[in-house]
Structure formats: C-alpha cells, structure tokens
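> give me a model of this one.
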Amino acid sequence: MIRAGVIGLGDMGSGLAKNLIQHNFKTIGFDLDQVRMDAFATMGGIKAADAPEVGRNANIVFVMVMTGGQAKSVLFGNANNGIVSQMTAGGTIILTATIKPSEAREIGEMMQETGINLIDSPVSGGFPGAQGGTLTMMAAGKPDVMTACAPAMNAVSSTIHHVGDEAGMGQTVKACLQTLIGSIFSATFEASVLAAKAGVSGEVLHKVFSTSGASCGVMTTALDNIIDR
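Next comes the predicted model:
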C-alpha cells in the first residue's frame, strides 16, 4: 500500500498533495509555512511536525523544494535525522524539485547503501499543471522502482518520460528543456520589439506566427501576454 508524503507545499507541492489526496492516497506533508500547512490539512492532508516525520510515515515522498541545498537538508538533515534515515527500507524519494544535475548526482551517491530508492524527476507544466494533475515528469530511476511508484506518479502527472536510470539525468533533460524554452521566449520578445517599432500590431504578429512553422505553445502564450499588457 502506498503511503505518500510531500515536502514543500507551495504552488507546486500543494498541487502534488491535492492530486494525491484526490486519488485516495493517504498523504502526509510538511512545509515551513503554517498557512500552507493549514491549507494542506483543509484539503485532507495529514500535517507532520517536521520533515523526518514525513519519512517515518510514508513510503513514497515527493520533494518539491526550491534549491539543491534545501533538498539535501530535508533528505539528510543534521546528525542523520533527515527523511532518508527515517524511511523504511524499500521506500522511494521522488525528487520533483528542479536543481542542478550535479546536485542530483550527489544526492544519488549519498543515498547509496541506504536501502532507499531515488527517482530524479523534475517536472514541467507550472502551477496549472501541478494543480490540475497534468504535469510532465522527466523521470530517471530504475525500471522496477518506476513501476512500483507509477500509481502515485500517475496521480500527479499526465505524461511520464523515463529518461534514464541514473540520478542527474532527469535534471539534465529539464535543463535542456528550459534552455529551449528560454530561447523561444527571447526570440519572441525580440520579434515583438522589431514589429512594434515598424508599426506592426501584436495581433498581426500573433496570427502569422501561430499559423506558421514557428507556432508553439510557448510562443503563443508569450504573445498573448504581451498583447494583453
């Protein structure tokens, strides 16, 4: 039986928690912000007093924090009091936070010989995807571990890509994705400025771009926001 945990209950983590609860997973969570904790309890979650308590009461824990340093802190703590040391052997950490590939690899190395599995799986889809349960997961982990965790992962995601077996591979794919998205944003902004200075309206640009080979969701969303502004 899957007992789920979520560390970090902000815009993204609260969405993970909401969808796990809606799929009838017993879900325990922790966040440093009491307002977020109260909102989590209201949706049916079990509030933990601290991160280690999540580890003691869950066999799959999603870690959705801001930085690699925070991830290491909640996973390993001080004096061996992090989540990893508190989980029962065979449990799994799903690292959904976006951190550096080198940090994910270091976490993977630190978890060796602990008896706890790691799936390095940053996500894409932002706040709407997290809240709607439609995130794309770029998951790196052992196939058998992925299979065991599939019910919980499917609860929060509409698309799961198995991008490799080793920690850091998920973060590398996410970095590639963000590089591409960033370049599309930059090109769209530059084209918008060129058009505006030449007296071409945003609506014209939008119609042409969205019906051409350049059409994509990132571009159209960026132009929509520019026109609305």
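> before we move on, could you check phi and psi at residue 118?
Note on residue 118: its backbone torsions stand at phi -130, psi 130 [degrees, to the nearest 10].
> correct me, but it touches residue 96?
No: taking contacts as CB atoms under 8 Å, residue 118 lies outside contact range of residue 96: 11.8 Å. For glycine as for every other residue, the C-beta is placed from the backbone atoms N, C-alpha and C.
> who has more neighbours out of those two?
residue 96 (30 against 26; other CB atoms under 10 Å).
> give me the sheet partners of the top strand by length along the chain and which way each runs.
Longest strand of the chain, by residue count under DSSP state E: strand 157-164. Here strand 157-164 is paired, per DSSP bridges, with strand 135-140 (parallel).
> kindly check the end-to-end length of stretch 63-70 for me.
For stretch 63-70, the first-to-last residue distance is 10 Å (CA to CA, to the nearest Å).
> identify each buried residue in that stretch, please.
Across stretch 63-70, burial judged by 16 or more other CB atoms under 10 Å covers 63, 64, 65, 68, 70.
> how about those residues in JSON lines, adding pLDDT, secondary structure and distance to residue 80?
What follows is these, written out as JSON lines (pLDDT from 0 to 100; DSSP: H, G, I helix; E, B strand; the rest coil; distance: CB to CB, whole Å):
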{"residue": "63", "pLDDT": "98", "secondary structure": "strand", "distance to residue 80": "18"}
{"residue": "64", "pLDDT": "98", "secondary structure": "coil", "distance to residue 80": "23"}
{"residue": "65", "pLDDT": "98", "secondary structure": "coil", "distance to residue 80": "19"}
{"residue": "68", "pLDDT": "97", "secondary structure": "helix", "distance to residue 80": "19"}
{"residue": "70", "pLDDT": "97", "secondary structure": "helix", "distance to residue 80": "18"}
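> what's the most distant pair in these?
Across those, no pair lies farther apart than 64 and 68, at 13.1 Å, counting by CB to CB.
> between these two, what contacts are shared?
By the contact definition CB atoms under 8 Å, 6 or more residues apart in numbering, residue 64 and residue 68 are jointly contacted by residue 97.
> run through the chain and note the low-pLDDT ranges.
79 (pLDDT under 70).
> just checking, what's the longest helix in it?
When the chain is parsed with DSSP state H, its longest helix is helix 169-197.
> hang on, isn't residue 23 packed against residue 157?
No: between residue 23 and residue 157 there is no contact under CB under 8 Å: 11.4 Å.
> of those two, who's got more company?
Between residue 23 and residue 157, residue 157 has the larger neighbour count (other CB under 10 Å), namely 25 against 16.
> export stretch 190-203 as PDB, just CAs?
This file holds the C-alpha atoms of stretch 190-203, laid out as PDB (Å, rounded to 0.1, in the frame of the first residue of the first chain):
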ATOM      1  CA  GLU A 190      12.900  40.400 -30.000                       C
ATOM      2  CA  ALA A 191      10.500  39.800 -32.800                       C
ATOM      3  CA  SER A 192       7.800  41.700 -30.900                       C
ATOM      4  CA  VAL A 193      10.000  44.700 -30.400                       C
ATOM      5  CA  LEU A 194      11.000  44.700 -34.100                       C
ATOM      6  CA  ALA A 195       7.400  44.500 -35.200                       C
ATOM      7  CA  ALA A 196       6.200  47.200 -32.700                       C
ATOM      8  CA  LYS A 197       9.000  49.600 -33.900                       C
ATOM      9  CA  ALA A 198       7.900  49.100 -37.500                       C
ATOM     10  CA  GLY A 199       4.300  49.700 -36.700                       C
ATOM     11  CA  VAL A 200       3.100  46.100 -37.000                       C
ATOM     12  CA  SER A 201       0.400  45.200 -34.400                       C
ATOM     13  CA  GLY A 202       0.800  42.300 -32.000                       C
ATOM     14  CA  GLU A 203      -2.400  40.800 -33.300                       C
END
